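**Student:** no sequence on hand, only this structure:
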Ligand code: SF4
Ligand code: SF4
């Protein structure tokens, strides 16, 4: 049985600091030792100001850094952003300013080690600092995710897969969301964070996790030694069935969390939290599935008035399904695996997911969700 701590909180540093200290004390305090290095892994998806709710708030990162320093250990902030440079994310996200004067190491994940996670993936490359360090503190953001429904504690650790290896794994798992969720769980098992804190003070709902999502104040912070238990408690809090998040279901099947959780604190009542609409990517009679996928299933679309042809989406697309044609971007839906990484990395919020009316009707006729 695991314990999940849940506290009402705001980004006011005076009141936030003791909350983060309390959570870290009761989760990983005994493991943070003098002179040892502690990796702090926030969600640093992209260079965005804190009010967009795309990255972990700098005040939470600051509190974790100060906690580690008070223990006499050495804090290191690391991640591998999907778009933009690590230092640009730190700067634009307000993290550099928030941590000014503190003795902290900033180090982008760069070198990987091969970790054998077993079937079906066998060896996966994970940032050496994430698996070889003494202790890792996982500072996730509570956000929706157009492909995986939500990005919480387990998913945040996908950032420990370095650079363009991330889209490669998206491509290898293809349109199979369950397979991708299984990869996320294997990655989490290999990293074994000592503690997970989920920043739900300013969360994101709608078509997250990038600029197409909508910030929403929930004023809550969640923490646990058990990452899956923390993810389950968040799902219950926002009114979602925990198994809606495939990583919860797969972790449960693997015996990583039995769902029996002690909740220390009162989750706030969260009404009408908007999850992204997620349609199945494979449906219908087998011989028609290819046709349906090409023409009917949910797909990325662009808003030409917002697109600045910056190229981030086509550089990142794992399937090489995007190209600029006559000053517009074009999608090759035959190639597209619907990972929605393009929407995630677009710095201008010009991409969103869309399902055609014919697709919706076909799905209902075939009695899919
Ligand atoms: S859709 Fe976004 S990421 Fe792609 S080229 Fe346009 S602005 Fe850049
Ligand atoms: S076009 Fe977008 S959704 Fe399709 S494969 Fe490329 S990044 Fe993924």
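**Tutor:** Yep, that arrived. Keep in mind it's a predicted model, so treat the numbers as computed, not measured. Ligands and ions are numbered 1, 2, ... in the order given.
**Student:** burial count for the residue in the stretch 1-150 of the chain positioned nearest to ligand 2?
**Tutor:** The stretch 1-150 of the chain approaches ligand 2 most closely through residue 147 (7.9 Å), counting by CB to the nearest ligand atom. (Each C-beta comes from the backbone N, C-alpha and C, glycine too.) Residues within reach of residue 147, counting by other CB atoms under 10 Å, total 24.
**Student:** just give the closest residue to it, not the sequence neighbours.
**Tutor:** Excluding its sequence neighbours, the residue lying closest to residue 147 (CB to CB, 6 or more residues apart in numbering) is residue 340, at 4.6 Å.
**Student:** quick check on the one you found: phi, psi?
**Tutor:** phi 60, psi 20 (degrees, to the nearest 10).
**Student:** quick check, residue 159 in contact with residue 80.
**Tutor:** Yes - between residue 159 and residue 80 there is a contact under CB atoms under 8 Å: 5.6 Å.
**Student:** which residues are common contacts for the two?
**Tutor:** 109, 166 (CB atoms under 8 Å, 6 or more residues apart in numbering).
**Student:** quick one: which of these two has more around it?
**Tutor:** The neighbour comparison of residue 159 against residue 80 (other CB under 10 Å) goes to residue 159, with 25 against 22.
**Student:** please report how far the more buried one lies from residue 310.
**Tutor:** Distance of residue 159 to residue 310, computed by CB to CB, to the nearest Å: 22 Å.
**Student:** what does residue 302 give?
**Tutor:** Residue 302 is 12 Å from residue 310, by CB to CB.
**Student:** looking at these two, which one has more neighbours?
**Tutor:** Neighbours per residue (other CB under 10 Å) separate residue 302 from residue 310, with residue 302 holding more: 21 against 14.
**Student:** the more buried one reaches residue 325, doesn't it?
**Tutor:** No - counting by CB under 8 Å, no contact exists between residue 302 and residue 325, whose distance comes to 11.8 Å.
**Student:** quick one: list the elements packing against whichever strand or helix holds residue 198.
**Tutor:** Using DSSP states H and E, residue 198 falls within strand 195-206. If contacts are counted by 3 or more CB pairs under 8 Å, 6 or more residues apart in numbering; DSSP states H and E, strand 195-206 sits against helix 13-27, helix 58-70, strand 135-141, strand 143-145, helix 153-156, strand 213-224, helix 227-237.
**Student:** now that strand: how far from the chain's centre is it?
**Tutor:** 10 Å (CA atoms, centre = their mean, to the nearest Å).
**Student:** now do the buried residues in stretch 328-338.
**Tutor:** For stretch 328-338, burial by neighbour count (16 or more other CB atoms under 10 Å) applies to 329, 331, 336-338.
**Student:** closest to ligand 2 out of the residues you listed?
**Tutor:** residue 336 (3.3 Å).
**Student:** for the nearest residue to that closest one once chain neighbours are set aside, phi and psi?
**Tutor:** Distances taken as CB to CB, 6+ apart place residue 321 nearest to residue 336, at 4.1 Å, with adjacent residues excluded. For residue 321, the backbone dihedrals (degrees, to the nearest 10) come out as phi -100, psi 0.
**Student:** tell me, how many residues neighbour residue 321?
**Tutor:** Residue 321: 21 surrounding residues under other CB under 10 Å.
**Student:** swap in the one 4 residues further on?
**Tutor:** Here the count is done by other CB under 10 Å, and residue 325 has 8 residues near it.
**Student:** and it, what are its bridge partners?
**Tutor:** In this entry, residue 325 is beta-bridged to residue 328, by DSSP bridges.
**Student:** same question, residue 299
**Tutor:** According to DSSP bridges, beta-bridge pairing links residue 299 with residue 354.
**Student:** can you pull out the low-pLDDT segments for the stretch 1-150 of the chain?
**Tutor:** Along the stretch 1-150 of the chain, no part satisfies pLDDT under 70.
**Student:** next up, the contacts around the closest residue to residue 222 other than its chain neighbours.
**Tutor:** In this structure, residue 222 finds its nearest non-sequential neighbour in residue 198, 4.4 Å apart by CB to CB, 6+ apart. For residue 198, the contact set (CB under 8 Å, 6+ apart) comprises 140-142, 152-153, 221-223, 230-231, 234.
**Student:** could you pull up the residues touching the residue nearest to residue 336?
**Tutor:** 331-337.
**Student:** what sits closest to residue 180 if chain neighbours are left out?
**Tutor:** residue 173 (4.1 Å).
**Student:** residues near the one you found, how many?
**Tutor:** 21.
**Student:** hang on, isn't it packed against residue 179?
**Tutor:** Yes - assessed by CB under 8 Å, residue 173 is found in contact with residue 179 at 4.3 Å.
**Student:** how is this protein divided into domains?
**Tutor:** 2-264, 286-365 (automatic domain parsing).
**Student:** returning to that earlier point: of the contacts of residue 321, closest to residue 109?
**Tutor:** residue 337 (24.1 Å; CB to CB).
**Student:** and the closest residue in space to residue 345 that isn't next to it in sequence, how far is that from residue 217?
**Tutor:** Nearest residue to residue 345, sequence neighbours excluded (CB to CB, 6+ apart): residue 83, at 4.1 Å. Applying CB to CB, the value for residue 83 to residue 217 is 26 Å.
**Student:** just residue 237 next, same as before
**Tutor:** Taken as CB to CB, the span from residue 237 to residue 217 is 14 Å.
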